[in-house]
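Chemist: Take a look and give me a structure for this.
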Amino acid sequence: MPLTNVLYVDDEAQWRRLAQAHFRKKLASNVDVAADYASGVKKIKKRFYDLIVIDGLGGLCFRLMEEVKEVPHGPIAIFSANIGIASQAKKDGIPFYYKPQDLDKIVRTYRK
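Modeler: Next up is the predicted model:
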């Protein structure tokens, strides 16, 4: 089943615009964005997302995932350049993609 609703959470406006356009073109018809941890949590609690991609948000990505773990949603992946976040994600078994080079890898992984 193809993805319909994707959420991309990133505190950098340029990355929100770029990822939203890229995911809309190659992955899903609806791609919402959130600029920070709090707005990401709020959106996840209001709508079902087939896929959620989160920037490291200075480590708040893990807190966001913890806060929404009881809310129905599709897979969550982290997309960040932060090596420390990559290490923690891999240790916790969370899909991690390196920013910027893995943008298309996210599409290939989750396109159905």
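
Chemist: Show me the shaky parts of this protein.
Modeler: Residues of the chain meeting the criterion pLDDT under 70: 1.

Chemist: Just give me the residue right at the centre of it.
Modeler: V53 (0.8 Å; C-alpha atoms, centre = their mean).

Chemist: And for stretch 79-92, what's in contact with it?
Modeler: Around stretch 79-92, the neighbours that count as contacts under C-beta atoms under 8 Å, 6 or more residues apart in numbering are 10, 19, 53-56, 59, 61-62, 78, 95-100, 102-103, 106. Heads up, the C-betas are built off the backbone N, CA and C, glycines and all.

Chemist: buried ones in whichever helix in the chain runs longest?
Modeler: Assignment by DSSP state H gives helix 13-26 as the longest helix of the chain. Going by neighbour count (16 or more other C-beta atoms under 10 Å), the buried part of helix 13-26 is W15, R16, A19, Q20, H22, F23.

Chemist: which residue sits closest to the last one, ignoring its sequence neighbours?
Modeler: It stands for F23. V31 (4.5 Å; C-beta to C-beta, 6 or more residues apart in numbering).

Chemist: same deal with the third one?
Modeler: Closest residue in space to A19, ignoring its immediate chain neighbours: Y8 at 4.7 Å, by C-beta to C-beta, 6+ apart.

Chemist: helix or strand for the one you found, which one?
Modeler: strand 5-9 (DSSP states H and E).

Chemist: picking up where we left off before, the helix or strand where the residue nearest to the centre of the chain lies - contacts with which helices or strands?
Modeler: In this structure, V53 sits in strand 51-54 according to DSSP H and E. Applying 3 or more C-beta pairs under 8 Å, 6 or more residues apart in numbering; DSSP states H and E, one finds that strand 51-54 contacts strand 5-9, helix 37-46, helix 60-67, strand 76-80.

Chemist: Give the partner strands of that strand in its sheet and their orientations.
Modeler: Using DSSP bridges, strand 51-54 pairs in its sheet with strand 5-9 (parallel), strand 76-80 (parallel).
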